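Novice: please work out how this folds:
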Amino acid sequence: MTRTSSTMTEVTCPFCGLHCDDLNIQTDGTTARVVQNGCAWATAGFAQPPMPATPCVENRPCTLDQAIQRAAQILQAANQPLIAGLATDAAGCRAAMALAEKTGAAVDHLHGHALASNTQVVQRRGWIMTTLTELRNRADLVVLFGTDGDSVNPRFIERCLRPVPGMGRVRTQQRQVVFIGEEARGRSLKKALPYASTISCRRQDLLEVLSALRAELHGRPDLAKAQRLPARQLAALKKLAAQMQSAQYTVCVWAPGQLLPDQADIVIETICELVAGLNEFTRAAGLALGGSDGAVTAMNVCAWQTGYQLRVNFAGGAPDYNLSRNSTDAMLQRREADALVWISTFHPLPPPKIEGIPVIVLAPPSRRLAGTAEVYIPVAIPGVDSSGTMFRLDSVVGLPLHQVRASSLPSAADILNRIAGRI
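Specialist: Model prediction:
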């Protein structure tokens with residue numbers, strides 16, 4: 001990152017899993033504004049106005065020390081705390097894991113269900129994955145399953161699909177892009193990328209379409225026809241199978257959060273089976289989009305600290321990993337959690353609605369959040385009000401975040417460490 005007068009260049013954006021690091025930000029004291037290379041998410045995120053930041057206990061203003069002390073008392077009295085949301089940078093996630101271990105809490109992320117869909121596939125069969133850089137520079141065929149890319153990571157098309165591959169034998173060839181999914185998302189993709197082709201299907205039919213495509217790839221048109229899809233759709237899938245077999249490097253892309261929850265892991269597993277089959281005679285890999293709100297960062301930190309991915313519970317004195325039992329929804333619905341720490345540092349998102357248990361909220365300044373929690377502590381937005389580190393959606397690159405505007409707000413890591421110090 002460099003600074004010229006009031007403009008900062010090569011700034012990393014924290015607001016989606018791409019973490020684009022080419023933004024130009026104009027700063028003026030306590031304000032920041034994207035002036036180049038930002039998407040709508042980045043523009044809105046950096047423009048979040050600085051507001052008066054007053055900690056509250058039971059919706060009454062208090063000192064920061066009083067709020068920290070009350071949070072420590074709540075967690076010390078709880079039998080089963082839950083630390084959820086977990087939308088913060090790497091330092092904040094590390095502090096949250098340390099607090100969870102000290103208090104016997106369970107941990108889960110705001111996008112825990114989407115992460116769990118991917119995790120189940122890794123556990124059951126493994127997968128062959130690529131990176132954003134590999135896709136941009138080497139893939140000559142990209143197949144999007146159920147996502148147009150930009151609706152989950154707004155500059156994905158611009159940064160990864162639109163550039164002509166720059167390495168290997170396909171330097172001058174325009175990559176082929178095929179979308180399979182809902183018609184509205186297909187139209188959105190073609191608007192941004194006119195040469196893309198689409199195969200429309202309802203979201204609930206995606207698994208059947210994938211099964212037919214797999215049958216075509218295995219040379220079993222009889223099995224493809226058994227899916228009872230329209231003839232036009234079967235013809236398009238047969239053509240796509242031939243494209244995938246003749247491509248030098250196919251990348252299959254999905255966004256777990258945009259798949260139907262009750263079949264997301266099966267859809268992802270089927271895509272991974274397609275990839276594995278293609279690697280018998282050509283090169284292919286998968287790529288999962290998403291990763292916003294620090295999801296991949298939280299997943300990586302949890303793996304470093306415990307040896308497991310997210311949804312770990314320290315209630316027994318050691319990390320207990322269970323994807324279903326330790327989810328935020330499950331623990332709150334069963335009334336198993338008796339205290340909730342909600343961390344949402346990129347946007348002031350409210351905690352889940354739950355009555356009868358004390359809630360501690362760490363989020364950017366927000367007048368409405370103070371009334372949703374017994375303890376509310378305003379914190380810095382990583383990459384705007386404070387520096388930090390976050391991991392990109394492909395999980396291979398840790399990118400630095402820089403403070404771009406003046407702020408006296410404490411970081412989530414600082415607050416979580418201070419709470420732990422009182423216990």
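Novice: what's in contact with stretch 127-142?
Specialist: 18, 121, 159-161, 163, 165-168, 170, 173, 175-178, 243-244, 247-251, 253, 272, 275-276, 279, 284-288, 392-394, 396-397 (CB atoms under 8 Å, 6 or more residues apart in numbering). Using the backbone N, CA and C atoms, a C-beta is placed for each residue, glycine as well.
Novice: and it, how far out from the chain's middle?
Specialist: Distance, stretch centre to chain centre, for stretch 127-142: 19 Å (CA atoms, centre = their mean, to the nearest Å).
Novice: buried sites along it?
Specialist: For stretch 127-142, burial by neighbour count (16 or more other CB atoms under 10 Å) applies to 127, 129-132, 134-142.
Novice: do the same with stretch 67-85
Specialist: 67-72, 74-75, 78, 80-85.
Novice: correct me if wrong: Gly112 contacts Cys302.
Specialist: No. Taking contacts as CB atoms under 8 Å, Gly112 lies outside contact range of Cys302: 10.8 Å.
Novice: if I look at the two, which residues touch both of them?
Specialist: Contacts common to Gly112 and Cys302, judged by CB under 8 Å, 6+ apart, are Leu310.
Novice: ok so, going back, mind checking which of the buried residues of stretch 127-142 land in strands?
Specialist: 141-142 (DSSP state E).
Novice: among the buried residues of stretch 127-142, which one sits closest to Ala380?
Specialist: Checking those against Ala380 with CB to CB, the nearest one is Leu132 at 27.2 Å.
Novice: export only the CA atoms of the helix or strand containing Leu237, formatted as PDB.
Specialist: Assessed by DSSP states H and E, Leu237 sits inside helix 231-246. The C-alpha trace of helix 231-246 is given here as PDB (Å, rounded to 0.1, in the frame of the first residue of the first chain):
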ATOM      1  CA  ALA A 231     -34.300 -32.800 -24.800                       C
ATOM      2  CA  ARG A 232     -32.800 -29.300 -25.300                       C
ATOM      3  CA  GLN A 233     -31.200 -29.500 -21.900                       C
ATOM      4  CA  LEU A 234     -29.700 -33.000 -22.600                       C
ATOM      5  CA  ALA A 235     -28.300 -31.800 -25.900                       C
ATOM      6  CA  ALA A 236     -26.600 -28.800 -24.100                       C
ATOM      7  CA  LEU A 237     -25.200 -31.100 -21.500                       C
ATOM      8  CA  LYS A 238     -23.800 -33.500 -24.100                       C
ATOM      9  CA  LYS A 239     -22.100 -30.500 -25.800                       C
ATOM     10  CA  LEU A 240     -20.700 -29.400 -22.400                       C
ATOM     11  CA  ALA A 241     -19.300 -32.800 -21.700                       C
ATOM     12  CA  ALA A 242     -17.400 -32.800 -25.000                       C
ATOM     13  CA  GLN A 243     -16.100 -29.300 -24.100                       C
ATOM     14  CA  MET A 244     -14.900 -30.500 -20.700                       C
ATOM     15  CA  GLN A 245     -13.200 -33.500 -22.200                       C
ATOM     16  CA  SER A 246     -11.300 -31.500 -24.800                       C
END
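Novice: other residues contacting that helix?
Specialist: Residues contacting helix 231-246 (CB under 8 Å, 6+ apart): 141, 143, 176, 178, 180, 199, 201, 209, 212-213, 216-217, 221, 224-225, 229, 250, 274, 278, 281-282, 284.
Novice: what sits against the residue positioned nearest the centre of the chain?
Specialist: Nearest to the geometric centre of the chain sits Gly291, at 1.7 Å (CA atoms, centre = their mean). For Gly291, the contact set (CB under 8 Å, 6+ apart) comprises 16-17, 153, 391-393.
Novice: the strands in the stretch 51-200 of the chain, which residues?
Specialist: Ranges of strands in the stretch 51-200 of the chain, per DSSP state E, counting those that start in this stretch, are 56-57, 60-61, 81-87, 106-107, 141-145, 176-181, 197-200.
Novice: got a pLDDT number for the residue of the chain most remote from its centre?
Specialist: Computed with CA atoms, centre = their mean, the residue of the chain farthest from its C-alpha average is Asp222, at 38.5 Å. Per-residue pLDDT puts Asp222 at 76.
Novice: helices or strands next to the helix or strand hosting it in the packing?
Specialist: Asp222 is located in helix 221-225, with elements delineated by DSSP H and E. Where contact means 3 or more CB pairs under 8 Å, 6 or more residues apart in numbering; DSSP states H and E, helix 221-225 is packed against helix 206-217, helix 231-246.
Novice: what sits against Asp148?
Specialist: So Asp148 contacts 157, 179, 181, 185-186, 188-189, 192 (CB under 8 Å, 6+ apart).
Novice: helix/strand/coil for Ile271?
Specialist: helix (DSSP: H, G, I helix; E, B strand; the rest coil).
Novice: what's around the closest residue to it other than its chain neighbours, how many residues?
Specialist: In space, and not counting its chain neighbours, Ile271 is closest to Cys252: 5.1 Å by CB to CB, 6 or more residues apart in numbering. Residues near Cys252, counting by other CB atoms under 10 Å, number 27.
Novice: what's across from Cys252 in the sheet?
Specialist: Val143, Gly286 (DSSP bridges).
Novice: that one against Leu274, yeah?
Specialist: Yes. Counting by CB under 8 Å, Leu274 is a contact partner of Cys252 at 6.2 Å.
Novice: overlap in contacts of these two?
Specialist: Ala284.
Novice: before we move on, back to that, the residue nearest to Ile271: what's it in contact with?
Specialist: 143, 145, 271, 274-275, 284-287.
Novice: equivalent analysis for Met51, please.
Specialist: With contacts defined as CB under 8 Å, 6+ apart, Met51 is in contact with 365-367.
Novice: let's see 10 Å
Specialist: By CB atoms under 10 Å, 6 or more residues apart in numbering, Met51 lies in contact with 348, 364-367, 378.
Novice: try Gly307
Specialist: Contacts of Gly307 (CB under 10 Å, 6+ apart): 319, 321.
Novice: per-residue pLDDT of it, please?
Specialist: Gly307 is given a pLDDT of 93.
Novice: ok, back up a step: would you mind writing the PyMOL command to select the buried ones in the contacts of Met51?
Specialist: Command for PyMOL, covering only those of the contacts of Met51 found buried under the criterion 16+ other CB under 10 Å:
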select buried, resi 348+364+365+366+378
